[in-house]
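Enquirer: need a structure here:
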Amino acid sequence: MDLLLWRHAEAVDGSPDHTRELTERGLKQARKMADWLDQHRPKRLRVLASPTMRTRQTAAAFTDAFEIVPALGPECGVSDLLAASGWPDATGATLLVGHQPGLGRLAALLLSGIEADWTIKKGALWWFTNRVREGESQTVLRAVIPADLA
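Expert: Have a look, this model is predicted:
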């Protein structure tokens, strides 16, 4: 399985939190990453987004075929993200468009085996693959792409 974590692009400050929209810079970040994803995407990619406006706008820069998943909201935890994605047992690939600190904590768990307060920058993408070698399940970090390098 492939698991891609995409933090929403830069959004305006304010409240209510769920209705915050992307800034002009955020829209550019989302389009650049969407272009990168379009060129490198895995086959059979399922796209799941938090219900917030900024994550829906980020996902929409890439595709209109995304599913809004309440469990991916800003208050979500690692267990919510894992359940939504089906990691590591689902087939194909899943792209989660979400928030800090949940995405960073999930990245830490996948790479180090424990949750920790790691930061995924706004608009950045982290791509993980799960594979089995000699009967052992392994997590492989395939790519980390910050928005400004997409």
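
Enquirer: hang on, residue 140 in a strand?
Expert: Yes: with DSSP: H, G, I helix; E, B strand; the rest coil as the criterion, residue 140 is assigned to a strand.

Enquirer: Apart from its chain neighbours, what residue comes closest to it?
Expert: On the basis of C-beta to C-beta, 6 or more residues apart in numbering, the spatially nearest residue to residue 140 that is not a chain neighbour turns out to be residue 129, at 4.6 Å. C-beta here means a position set from N, CA and C on the backbone, and glycine is covered the same way.

Enquirer: How about the contacts made by the one you found?
Expert: 1-3, 139-140, 142 (C-beta atoms under 8 Å, 6 or more residues apart in numbering).

Enquirer: Show me where this structure dips below the pLDDT cut-off.
Expert: Per-residue confidence for the chain (pLDDT under 70) gives no ranges below the cut-off.

Enquirer: pretty sure residue 62 contacts residue 34?
Expert: Yes: look at residue 62 against residue 34 with C-beta atoms under 8 Å: they come within range, at 3.8 Å.

Enquirer: Alpha carbons of the longest helix anywhere in the chain, as CSV, please.
Expert: Taking DSSP state H as the assignment, the helix of the chain that covers the most residues is helix 24-40. Taking C-alpha atoms only, helix 24-40 is exported to CSV below (Å, rounded to 0.1, in the frame of the first residue of the first chain):
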residue,chain,number,x,y,z
GLU,A,24,-3.4,33.3,-3.1
ARG,A,25,-0.1,31.8,-2.1
GLY,A,26,-1.9,28.7,-0.8
LEU,A,27,-3.8,28.3,-4.1
LYS,A,28,-0.4,28.5,-5.9
GLN,A,29,1.1,25.9,-3.5
ALA,A,30,-1.8,23.6,-4.0
ARG,A,31,-1.7,23.9,-7.8
LYS,A,32,2.1,23.2,-7.9
MET,A,33,1.8,20.1,-5.7
ALA,A,34,-1.2,19.0,-7.8
ASP,A,35,0.9,19.2,-10.9
TRP,A,36,3.7,17.2,-9.2
LEU,A,37,1.1,14.6,-8.1
ASP,A,38,-0.4,14.4,-11.5
GLN,A,39,3.1,13.5,-12.9
HIS,A,40,4.0,11.0,-10.2
